[in-house]
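*Asks:* Sequence first, predicted coordinates after that:
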Amino acid sequence: MGRAAGAEGRAPARWWLRAPGGPLLAIVGAKVVLTLATDGRYGYHRDELYYLVSGHHLAWGYVDFPPLTPAVARLSEALFGRSLVGLRVPALVAGVGVILLTAAMARHLGGSPRAQWLAGLTVATAGFFLGANGLFQTVSFDQLAWALALYVVVRLVVSGDPRWWVALGAAVGVGTMTKFTMPALVAGAAVATVSTPLRRDLRSPWPWLGALVAVAVAAPNLAWQVAHGWPSVDFLRGQNARIRSQNPTPKYVSDQLLLLGPFVLAVCGAGAVRLWRDVRLRALVLLVVTVEAAYLVSRGKGYYPLDVFPVLIAAGAAAVAGWARFRVVVTGLIVWALVGLPLALPVLPRATMLSLKLQDARDDYSAELGWDHVVATIASVYRGLPDRDRARVLTHSYSEAAAVDLFGSKLGLPHALSGHNAYWLWLPKRTSIDVVVAVGFPVADLQRWFDDVRPVVSLGQGAVVDKEAANQLVAVCRRPRVGAPELWSRIRLFS
């Protein structure tokens, strides 16, 4: 009697684990609760300030990113007002979308209900995906665009229906409007196509229709690039050169190992083996290898190719779900995520985080702190000017400019001017630069542009944790040697 009752009592738990919806819903719920609970702990990231300001200058393009993220920032602000947590809600929604799409890929790759929620758990606990959704940045929306494109590729490969090429074109087009990473996926898809039986589709109209759809979706940004002289090409050229110098191969590899962890990598490895053994699915492995190789050769940042890993995770979950030591992998995924959680999400109080110097391990944390002090310092200099009614604030970086634009009005500051990235496009053609509060420029440069340069104060390291803002000089400049148009050309910076 007791044994029967015990078995009956355990039945609901076993049903819960077998059902595809139950565990997956729990995983998504845990991610949502944890992310929302920590979203407002530190402050706005420098890039979040920039995206918000960019949303006030809606356009089909910007120097350093396509138009989708600023549009989402504008929508978020319309829905939630000036709320840090509200701003980050769309990033969280994108992260949930990646989990659900990865689980769906596992299902179409033959995964059981257990495999589906294991795929979701693996994505949810991977440091790269977990940490990305705690900030409003292009990364979250880029991950979603890649997951959507990969889901379509899985459907294309598994079904053999060439009509999926049109959906892939639409997904690539949307991704192109999100971040400048889609060429890597297109290259991977091209290699996978010509190297596998997928090349038969090239004799049909569907891949070419998909290409037309991708170009049509991305056309507004392409037209904007042409009209503005391809500024994003200049930006990417400078950015890629800097990234190559900062990311030698050993760092590239070690960053990936840390961002994924051993148990996520075990699932990915199992997925690669499973896909390679099935001739129908081998195209998916070739896609992943091509993307990885492209970034390795170009020496990009270690996290760049990780957008493609959900397809390996989905296939790996289908394999690992049948392992005898399945529970060891599940436990390892959860424990590894908990150990790395303070670096993925701001779960620790600000003082504790700083005492442990976690801002040195993750630059994003330092980039969320000190902007109130930055704006207050600039405002104190501005308010001390007897001729402040004619003064403009000119910053070297978009970070300080965006902080001034969002928080400075309450302190009496005018909108900031800058030549950095998209701010250069927003510079007025005609404006007075008789009196300038300059932030972040070397004195030698200022002395070439103004006859009267008076350094006033520097942003303090103690109050400004952000490494790019700390200790920058704030100076008052008068009697310009050049006019505004010439000064704008000299301060232009795409990086």
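*Replies:* Looks like it came in fine.
*Asks:* Point out where this protein drops to low pLDDT.
*Replies:* 1-20, 461-463 (pLDDT under 70).
*Asks:* which residues of it fall in strands?
*Replies:* Listed in chain order, the strands of the chain (DSSP state E) span 391-395, 416-418, 435-439, 450-458, 473-480.
*Asks:* Is it possible to get the ones you listed out as a markdown table so that each row also shows mean neighbour count?
*Replies:* For every residue, glycine as well, the C-beta is placed using N, CA and C. Listed next are the strands of the chain as a markdown table, based on neighbours: other CB atoms under 10 Å:
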| stretch | mean neighbour count |
| --- | --- |
| strand 391-395 | 24 |
| strand 416-418 | 26 |
| strand 435-439 | 25 |
| strand 450-458 | 15 |
| strand 473-480 | 19 |
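*Asks:* What are the structural domain limits within the chain?
*Replies:* Per automatic domain parsing, the structural domains of the chain span 15-350, 371-491.
*Asks:* Kindly present those as CSV, with separate columns for distance to Lys357.
*Replies:* As requested, the domains of the chain are exported to CSV (distance: least, CB to CB, whole Å):
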stretch, distance to Lys357
domain 15-350, 12
domain 371-491, 11
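*Asks:* Tell me which of these sits nearest to Tyr365.
*Replies:* Closest of the domains of the chain to Tyr365 is domain 15-350, at 6.5 Å (criterion: CB to CB).
*Asks:* contacting residues for Leu68?
*Replies:* Contacts for Leu68 (CB atoms under 8 Å, 6 or more residues apart in numbering) come out as Phe141, Val174, Met177, Thr178.
*Asks:* Just give me the closest of these to Ala324.
*Replies:* Phe141 (39.1 Å).
*Asks:* distance of the closest one from Glu400?
*Replies:* Distance, Phe141 to Glu400, using CB to CB, to the nearest Å: 25 Å.
*Asks:* Asp201 now?
*Replies:* 51 Å.
*Asks:* Check Gln116 too.
*Replies:* 46 Å.
*Asks:* Could you check which of those two is surrounded by more residues?
*Replies:* Each of Gln116 and Glu400 has its neighbours counted (other CB atoms under 10 Å); Glu400 has more, 31 against 27.
*Asks:* pretty sure Gly188 is touching Leu284, no?
*Replies:* No: Gly188 is beyond contact range of Leu284, at 9.5 Å (criterion: CB atoms under 8 Å).
*Asks:* who has more neighbours, these two?
*Replies:* Leu284 (30 against 25).
*Asks:* which ones are touching the more buried one?
*Replies:* So Leu284 contacts Val153, Val154, Val157, Ala192, Leu275, Val311, Ala315 (CB under 8 Å, 6+ apart).
*Asks:* Just the ones of those in helices?
*Replies:* Val153, Val154, Val157, Ala192, Leu275, Val311, Ala315 (DSSP state H).
*Asks:* what's the closest of those to Gly81?
*Replies:* After measuring the ones in helices among the contacts of Leu284 against Gly81 - CB to CB - the closest member comes out as Val311, at 38.0 Å.
*Asks:* and that closest one, how far is that from Val166?
*Replies:* Distance of Val311 to Val166, given as CB to CB: 20 Å.
*Asks:* same question, Leu394
*Replies:* 48 Å.
*Asks:* Next: Leu358.
*Replies:* Taken as CB to CB, the span from Leu358 to Val166 is 46 Å.
*Asks:* now do Pro262
*Replies:* 39 Å.
*Asks:* center of the protein - which residue?
*Replies:* Val139 (1.5 Å; CA atoms, centre = their mean).
*Asks:* and Val311 and Val166? which has more neighbours close in?
*Replies:* It is Val311, of Val311 and Val166, that has more neighbours when counted by other CB under 10 Å, with 30 against 20.
*Asks:* Grab the nearest non-local neighbour of that one.
*Replies:* Spatially, and ignoring its direct neighbours in sequence, Val311 is nearest to Leu150 (4.6 Å; CB to CB, 6 or more residues apart in numbering).
*Asks:* same thing with Val464?
*Replies:* Per CB to CB, 6+ apart, closest to Val464 is Gly370, 3.7 Å.
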